[in-house]
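Trainee: The following comprises the amino acid sequence and a computationally predicted model.
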2 protein chains.
Amino acid sequence: MYKAVVMAGGVGSRMWPVSRRAHPKQLLRLAGAETMFGHSVTRMDPLMLPEHVYVVARADLIDTLSEQVPSVPKANFIVEPEGRGTAPAIGLAAIHLLRDDPDAIMAVVTADHFIADTAAFRTALAAAEALAAAGHLVTLGMRPTFASTGFGYIRQGRRSYPVGDLVAYDVLRFTEKPDAATAEDMVRSGEYVWNGGMFVWRADRVLGEFRRQMPAFYEQLGRIADVLGTAAYEPTLARVWPTVERETIDYGVMEGARDVVVLPVEIGWSDVGSWASVFDIRRPDVDGNVIVGETETLETTNSLVYGGDRLIATIGVDDLIIVDTPDALLVCRRGREQDVKTIVDRVKARGDESLY
Amino acid sequence: MYKAVVMAGGVGSRMWPVSRRAHPKQLLRLAGAETMFGHSVTRMDPLMLPEHVYVVARADLIDTLSEQVPSVPKANFIVEPEGRGTAPAIGLAAIHLLRDDPDAIMAVVTADHFIADTAAFRTALAAAEALAAAGHLVTLGMRPTFASTGFGYIRQGRRSYPVGDLVAYDVLRFTEKPDAATAEDMVRSGEYVWNGGMFVWRADRVLGEFRRQMPAFYEQLGRIADVLGTAAYEPTLARVWPTVERETIDYGVMEGARDVVVLPVEIGWSDVGSWASVFDIRRPDVDGNVIVGETETLETTNSLVYGGDRLIATIGVDDLIIVDTPDALLVCRRGREQDVKTIVDRVKARGDESLY
């Protein structure tokens, strides 16, 4: 049976001040009325019925996340005692899926990315299921629309795997975020796609890779799997988890895995990695502005005004990002959005937990 | 006896969103801990004892203003039923002063201007008293520090009136706000000073000018003066005031008055006419910023951040004015401060009275 695992453990601190530890990016309504997380579940319907959707998240977020998708059974929410990276989170989800279904195929999807073309996304997930059933580890590759230095890239090989109207390729290499010149070359070559952090595979296949590449973690997972569904599960998880090695699925598994294929897709994807990306997911007005909330603007261009209840007035500003919340305000030059993380670090150093 | 009349009837809408009709500019703490109004009273001490200070203001502001200067007797607050311009306000104050003292000399001072050198200001007021006692209508002229197009100018004549270390001159002409080229010429000539809206004269002298130049208003003032101190005062004032002609003291009296002298002074004066002037009254830091409130700034220069309780974070901004209040936020390019009035007009058109 095909199941989805929504990875909802992130914080998205570059979306501060709206995102906070207690109110992370996946709970924001950046693209419209629905939260990012809510949309990450509903956009898979009808390919993935709610009862086949699992969610990995921090314990303190489970109730809030669950309210967003009431049709997803509460039992499908898998608590991660603390974030240890994507590899442990995926391993934990895999043993949950395998308990009910030894042939489970799992689609690992993100909770805080934007996808414009949800039909193409479902088509891609369906194609990936067929590839995964044949034993491949499938990663969805996002066809680059510009020479981004903010993403990892995947280099496609020559061996092709047609599936429906799509074609997957073997993977030659995973690469880290490139510099600008390298990114230009990669995109021009046509051989690279962005690594979007979404994967499809048989659950037992990825467990096999953990056994081979992360044996200590595999052994820890085994101890947790042994008590799954018993009263010993929570205490065992709480005891084992803090000793689990921090690792990403890219480094821990994908780079060294066998039979990895990449399925290039065009689904209007954005990782919504900073306030700049809101210009991609909401259509700017004739002045190039994206405006959310009550505003009075005078000669204001190419700016984001993201407010709440308060009136925001702007005069003679260009290329500015203004994000307003009840207890914190951000005013940031466009192009400097990555530095929001520096502000969050400073706010953390101040020690006022409600502010980050 | 020398008395001060503080004109506290203004709104100062260019200081929105901090200034509102219910919380006008004279109640702001722009220069420090004291309100503009509070400082306008305390900076005259010990030249003007609190019991010799009178205040003209709207009825709804009297209590708030009085709290700022508890030593000023409540009876010295003169209610203006509605703003009719500076000429009627000064006439009303004059009849109050004359009732107790037919020889009263009145210094008309502003409630919402900044004066850096308060000692020089008191010296100027003392010198002006001597000139006023000799029958002159004295206007304080601010020596220009740049070619402002935002003020009216006064052209000095050749006839001089030494008084202490200062020298007053006869007035050749009052001029309106000039264009930039004219302002340059005026300032270069050394013959012009700014009209700062502060005056000193015998109360009976200015009443004589009202009789000669604004006879209808003088007759209306007489009807009010006849019932001063009786139960008929308030109803008479309420009946007469709405029929009083709107007029400024400059047009109504000064331009056509006899024996007007200007006393040029250097007192570090600013009319605080827009957010730009906060850079004059608060010393900018090494980055050229003036910062009030809780902030985290990253590569922020030549900007005003005027906040309250909320954290304001700025990244990569230059020449920006950010003014934050609990229910409204202003983000304005420096040099565009005059357009704040346009925003206030739009906010008025919205109809939400609490916001303007």
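Mentor: Thanks, I have the structure now. Residues are numbered from 1 along each chain as shown, chains lettered A, B, ... in the order given.
Trainee: what residues are up against the closest residue to residue A:81 other than its chain neighbours?
Mentor: Spatially, and ignoring its direct neighbours in sequence, residue A:81 is nearest to residue A:241 (4.4 Å; Cβ to Cβ, 6 or more residues apart in numbering or on different chains). In this view, the C-beta of every residue, glycine as well, is placed from N, C-alpha and C. With contact taken as Cβ atoms under 8 Å, 6 or more residues apart in numbering or on different chains, residue A:241 is in contact with A:80-82, A:84, A:88.
Trainee: Kindly report the same for residue A:161.
Mentor: Remark: with contacts taken as Cβ under 8 Å, 6+ apart, residue A:161 is in contact with A:131, A:136, A:167-170, A:261.
Trainee: Need the max-distance pair from those residues.
Mentor: Maximum pairwise distance among the contacts of residue A:161 (Cβ to Cβ): 13.0 Å, between A:136 and A:167.
Trainee: Compare the two and say which is more crowded by neighbours.
Mentor: residue A:136 (25 against 14; other Cβ atoms under 10 Å in any protein chain shown).
Trainee: Please tell me how far the more buried one sits from residue A:249.
Mentor: 15 Å (Cβ to Cβ, to the nearest Å).
Trainee: what residues does chain A put near chain B?
Mentor: Applying Cβ under 8 Å from any Cβ of the partner chain, one finds that chain A approaches chain B through A:17, A:296, A:298-299, A:307, A:309-317, A:320, A:322, A:324, A:326-333, A:335-336, A:339-340, A:342-343, A:346-347, A:355.
Trainee: Among the residues you listed, name the buried ones.
Mentor: Neighbour-count burial (16 or more other Cβ atoms under 10 Å in any protein chain shown) applied to those gives A:17, A:296, A:298, A:307, A:310-317, A:320, A:322, A:324, A:328-333, A:336, A:339-340, A:343, A:347, A:355.
Trainee: From the contacts of residue A:161, list just the buried residues.
Mentor: The buried subset of the contacts of residue A:161 (16+ other Cβ under 10 Å) comprises A:131, A:136, A:168-169, A:261.
Trainee: okay, now residue A:213: neighbour count?
Mentor: 19.
Trainee: how many other residues sit next to the closest residue to residue A:334 other than its chain neighbours?
Mentor: Of all residues not flanking residue A:334 in the chain, residue A:319 sits nearest, at 4.2 Å (Cβ to Cβ, 6+ apart). Residue A:319 has 15 neighbours, counted by other Cβ under 10 Å.
Trainee: Okay, now the unreliable bits of the stretch 101-250 of chain A?
Mentor: By pLDDT under 70, the stretch 101-250 of chain A has no low-scoring segment.
Trainee: ok, which stretches of it are strands?
Mentor: A:105-110, A:114-115, A:137-142, A:153-163, A:166-175, A:192-202 (DSSP state E, counting those that start in this stretch).
Trainee: and the residue in the stretch 1-150 of chain A that chain B sits nearest to, what does it touch?
Mentor: Proximity of the stretch 1-150 of chain A to chain B (Cβ to the nearest Cβ) peaks at residue A:17, 7.2 Å away. Neighbouring residues of residue A:17 by Cβ under 8 Å, 6+ apart: A:323, A:325, A:327-330, A:355, B:311, B:313.
Trainee: Pick out the most distant pair among these.
Mentor: Between any two of the contacts of residue A:17 (Cβ to Cβ), the greatest distance is 13.6 Å, for A:323 and A:355.
Trainee: returning to what we had before: report the buried members of the contacts of residue A:241.
Mentor: The buried subset of the contacts of residue A:241 - by 16+ other Cβ under 10 Å - is A:80-81, A:84, A:88.
Trainee: Tell me who's in contact with residue A:120.
Mentor: Taking Cβ under 8 Å, 6+ apart as the test, what residue A:120 contacts is A:265-268.
Trainee: The stretch 51-200 of chain A: helices as residue ranges?
Mentor: Taking DSSP state H, counting those that start in this stretch as the criterion, the stretch 51-200 of chain A carries its helices at A:62-68, A:86-100, A:118-133, A:180-189.
Trainee: Pick the most buried one from the ones you listed.
Mentor: For these, average neighbour numbers computed from mean count of other Cβ atoms under 10 Å in any protein chain shown are highest in helix A:86-100, which has a mean of 22.
Trainee: chain center to it, what's the gap?
Mentor: How far helix A:86-100 lies from its chain's middle: 17 Å, per Cα atoms, centre = their mean, to the nearest Å.
Trainee: Give me the angle between it and strand A:105-110.
Mentor: Helix A:86-100 runs at 140 degrees relative to strand A:105-110, counting by axes from the mean of the first three to the mean of the last three Cα atoms, to 10 degrees.
Trainee: Would you mind pulling up the elements that helix A:86-100 packs against?
Mentor: With contacts taken as 3 or more Cβ pairs under 8 Å, 6 or more residues apart in numbering or on different chains; DSSP states H and E, helix A:86-100 sits against strand A:2-7, strand A:53-58, strand A:77-80, strand A:105-110, helix A:203-213, helix A:215-226, helix A:249-252.
Trainee: switch the cut-off to 10 Å
Mentor: strand A:2-7, strand A:53-58, strand A:77-80, strand A:105-110, strand A:192-202, helix A:203-213, helix A:215-226, helix A:249-252 (3 or more Cβ pairs under 10 Å, 6 or more residues apart in numbering or on different chains; DSSP states H and E).
Trainee: tilt between that helix and helix A:215-226?
Mentor: Using the same axes, to 10 degrees: helix A:86-100 against helix A:215-226 is 40 degrees.
Trainee: rewinding a little: right, and the helices of the stretch 51-200 of chain A - which one's nearest residue A:10?
Mentor: Ranked by Cβ to Cβ, the member of the helices of the stretch 51-200 of chain A that lies closest to residue A:10 is helix A:86-100, at 9.5 Å.
Trainee: For that closest one, C-alpha coordinates in CSV please.
Mentor: What follows is helix A:86-100, C-alpha atoms only, in CSV (Å, rounded to 0.1, in the frame of the first residue of the first chain):
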residue,chain,number,x,y,z
THR,A,86,15.8,13.9,8.3
ALA,A,87,17.5,10.4,8.3
PRO,A,88,16.3,9.4,11.8
ALA,A,89,12.8,10.9,11.2
ILE,A,90,12.4,8.8,8.0
GLY,A,91,13.7,5.7,9.7
LEU,A,92,11.2,6.1,12.5
ALA,A,93,8.4,6.6,10.0
ALA,A,94,9.5,3.5,8.1
ILE,A,95,9.2,1.1,11.0
HIS,A,96,5.7,2.5,11.7
LEU,A,97,4.6,1.8,8.1
LEU,A,98,6.2,-1.6,8.1
ARG,A,99,4.4,-2.8,11.2
ASP,A,100,1.0,-2.7,9.4
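Trainee: Thanks a lot, see you next time.
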